[in-house]
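Participant: Next come a sequence and a model predicted from it.
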Amino acid sequence: MKEIYMDNNATTKVDEAVFEEMRPYFCDLYGNPSSMHFFGGQVQKKVDEARNRVAALLGASPEEIVFTACGTESDNAAIRSAIEVYPERRHIITTRVEHPAVLTLCRNLSKRGYRVTELNVDGEGRLDLNELRAAVDEDTAIVSVMWANNETGVVFPIEEVGKIIKEKGKGAFFHTDAVQAVGKIPIDMAASTVDMLSISGHKLHAPKGIGVLYVRKGVPFRPFMVGGHQEHNRRAGTENTAAIIALGKACELAGQWMEDENTRVKAMRDRLQTTLLELIPRARINGGQAERLPNTLSIAFEFVEGEAILMLLSEKGICASSGSACTSGSLEPSHVLRAMGVPFTCAHGSIRFSLSRFNTDEDIETIIRELPPVVRRLREMSPFGREFLNA
Amino acid sequence: MWDYTEKVREHFLNPRNVGDIPDADAVGEVGSLACGDALKLYIKLDDAKERIVDAKFQTFGCASAIASSSALTEIIKGKTLDEALATTNQEIADFLGGLPEEKMHCSVMGQEALEVAIAKYRGGPVPTHHDHGHEEVEPGEIVCKCFGLTDTFLKKVIAANKLTTAEQVTHFTKAGGACGGCIPKIKELISEVLGAQPTEERKKPEKLTNLRKMQLIQETLEKEIRPLLWADGGDLELVDISGSEVQIAFRKACAGCASSGNTAKFVELKLRDLVADDIVVQEVEG
């Protein structure tokens, strides 16, 4: 069975060109970039090239790029650095819809005496900037607000957030988890208010196990991985050279494909959305009125449960994900949908399709063909669905 | 991805007995849209009103909820009402070749719908959970406010499935799975249920062979000591026995607990009390 992969916010295919770029750095060019001999030196040059490529995608300088092991590490490093730099400050601001990499750390810190403000979102997943304005004070060490949401694709007005922090924050750092945004929408750090920004390689067609923390020049940084001089003492540990080189290539390609993402991929997403809303009654888009990533569609079907939809789609080779409780082993639907106040009836039946440049019109047509009967079948089986269908 | 058995998958993809029975003798409904799963069960009895001749269901829920409902209807068809009432949630899970522990609440939901249907048919008090306002409600104090579960219901599930941790109770009933506010109360209920089980008075034997001593140590750990740790979310594992030296490793809440030294001492006293005076307990990393 050929898979139709529409779960690119979970992870992506490694681009073949990316894989070719990294391939020599396992068995042939395996030198340590820190070594004094030519054999390590040639790897160092490729790592430098990768750093330049990442910086180019972000509109940053190469020395602002710190390679890490993943987006989660980058998020942890940024927040932990900020509270080390400002040991006397005891306030952190984040949002209720952050990725657990940020949210769990903040909640753990709140148990250690930090005051944590979790900003609310409205029904469309949008931030209330007045709430942020009221929350930032001289005690705030860091504000961590994601660039784009992984579940709904809703994009936050990052530069407006940054402006408020700079106005009111007395030097509070501004970190953004841009794991879902980088490679999908243009980002220019040269013109940005962001101090630190997290990237994850496997969300943009590089392999798993590589991430980046962008740290703006002049922003003080305290590493939490110590024990080596790598990355200018900002992240100890021998570089994951092959993955770094792969990420460099992936960033170069992401720059080239950016227009495609925002035209062809977006058009496919929009066609999927419009057609599903036409074909399936009592469906709604989560965050549909907000600015969204071009690749993400979170759609809720009332009276049915998401895991059952996913399993029936999976039988047809279609890979998507769900905001339902049952897929995660937790008993409550996604914290993002709950923060948005999405009614339980919809939250349990929410499905996320996240596209990439590797998707085709044919993929979209297949989903349009296969999904409506799946929803109908489950509704016929559901006591609430039957009431609705009979009404 | 869930590790569902082939049988769960098969009953999810081809559920038996979906639908309704317009002239059903008994109908049982549990769950709600808010809970994320719900089951409506229809039962048709024979002319003598003794035996179930047909059963149908409608389910809102995940794959294992649908498979559990399908299994339930297959299990009860042909049974008398009393035979059907004796169905346990474990039987539903076994029929499907097992369910992931996190999904056991699906099998409990099946058993419950059956109880509700039969209770309503017989006109007795209706056992309920998943707060959906039955007129007559089995007495009990609400423990889990998020899912509307009573202490009566939770104690029943704890006892029937021999549950020993709050986490297990969540997997089987959902209680404590949302805000978590009732977890301390759930632990109390576990202790209550475990404590209520009759424990035989044990006396220390006079003389022991090595083999018998090892057996006794194992037995004492299993029956007398571990259940007490479970009640606090902890556990231990027997690593080795060498002569009178017993090596144990702490697990779950006990692992890394600051007072695990006291717990080790307690284990030693208990073993000396019930097995032999010369036992020394050593905590090891394992």
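Facilitator: Structure's in. What do you need?

Participant: ok, now how distant is the nearest residue to residue A:315 once chain neighbours are set aside from residue A:210?
Facilitator: On the basis of CB to CB, 6 or more residues apart in numbering or on different chains, the spatially nearest residue to residue A:315 that is not a chain neighbour turns out to be residue B:13, at 6.9 Å. In this view, the C-beta of every residue, glycine as well, is placed from N, C-alpha and C. Distance of residue B:13 to residue A:210, computed by CB to CB, to the nearest Å: 39 Å.

Participant: ok, those two, which is more surrounded?
Facilitator: When residue B:13 and residue A:210 are compared for neighbours, residue A:210 comes out ahead with 27 against 13, by other CB atoms under 10 Å in any protein chain shown.

Participant: Just list the residues touching that one, thanks.
Facilitator: Contacts were defined as CB atoms under 8 Å, 6 or more residues apart in numbering or on different chains; by that measure residue A:210 touches A:67, A:68, A:69, A:70, A:200, A:201, A:202, A:240, A:243, A:244, A:246, A:247.

Participant: Could you tell me which of these belong to helices?
Facilitator: Where those overlap with helices, as defined by DSSP state H, the overlap consists of A:243, A:244, A:246, A:247.

Participant: As TSV, those residues with pLDDT would be great.
Facilitator: As requested, the ones in helices among the contacts of residue A:210 are arranged in TSV below (pLDDT from 0 to 100):
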residue	pLDDT
A:243	98
A:244	98
A:246	98
A:247	98
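
Participant: Compare the residues you listed and tell me which is most surrounded.
Facilitator: When neighbours are counted as other CB under 10 Å, the busiest of the ones in helices among the contacts of residue A:210 turns out to be residue A:247, with 33 neighbours.

Participant: Tell me where chain A has strands.
Facilitator: Under the criterion DSSP state E, chain A carries strands at the ranges A:4-5, A:65-68, A:91-95, A:115-119, A:140-144, A:173-177, A:196-200, A:211-215, A:283-285, A:296-301, A:318-319, A:321-322, A:350-354.

Participant: Tell me the helices and strands packed up against the third one.
Facilitator: Right, the one you point to is strand A:91-95. In this structure, strand A:91-95 packs against helix A:100-111, strand A:115-119, strand A:140-144, with contacts taken as 3 or more CB pairs under 8 Å, 6 or more residues apart in numbering or on different chains; DSSP states H and E.

Participant: Of the ones you listed, which is nearest chain B?
Facilitator: For these, the distance to chain B is smallest for helix A:100-111, at 12.5 Å, taking CB to the nearest CB.

Participant: In CSV, could you pull the C-alpha coordinates for the closest one?
Facilitator: What follows is helix A:100-111, C-alpha atoms only, in CSV (Å, rounded to 0.1, in the frame of the first residue of the first chain):
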residue,chain,number,x,y,z
PRO,A,100,5.2,20.6,25.9
ALA,A,101,8.9,21.3,25.4
VAL,A,102,8.2,24.8,26.7
LEU,A,103,5.1,24.3,28.8
THR,A,104,6.3,21.4,30.9
LEU,A,105,9.6,23.2,31.7
CYS,A,106,7.6,26.4,32.7
ARG,A,107,5.2,24.4,34.9
ASN,A,108,8.2,22.6,36.5
LEU,A,109,9.7,26.0,37.2
SER,A,110,6.5,27.2,38.7
LYS,A,111,6.8,24.4,41.3
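
Participant: Specify the angle between it and strand A:140-144 in degrees.
Facilitator: Counting by axes from the mean of the first three to the mean of the last three CA atoms, to 10 degrees, helix A:100-111 lies at 160 degrees to strand A:140-144.

Participant: quick one: residue B:61 from residue B:112, how far?
Facilitator: Residue B:61 is 13 Å from residue B:112, where distance means CB to CB.

Participant: Which one's more surrounded, these two?
Facilitator: residue B:61 (29 against 26).

Participant: Which residue is the nearest non-sequential neighbour of that one?
Facilitator: residue B:37 (3.3 Å).

Participant: For residue B:146, see how far away the residue of the stretch 101-250 of chain B found nearest chain A is.
Facilitator: For the stretch 101-250 of chain B, the nearest residue to chain A under the criterion CB to the nearest CB is residue B:177, separated by 3.3 Å. Using CB to CB, we find residue B:177 at a distance of 7 Å from residue B:146.

Participant: my read: residue A:13 touches residue A:3, true?
Facilitator: No - look at residue A:13 against residue A:3 with CB atoms under 8 Å: they stay out of range, at 10.3 Å.

Participant: interface residues of chain B facing chain A?
Facilitator: Residues of chain B lying near chain A by CB under 8 Å from any CB of the partner chain: B:12-13, B:15, B:18, B:20, B:29, B:33-34, B:36-40, B:58-66, B:102-103, B:147, B:170, B:174, B:177-178.
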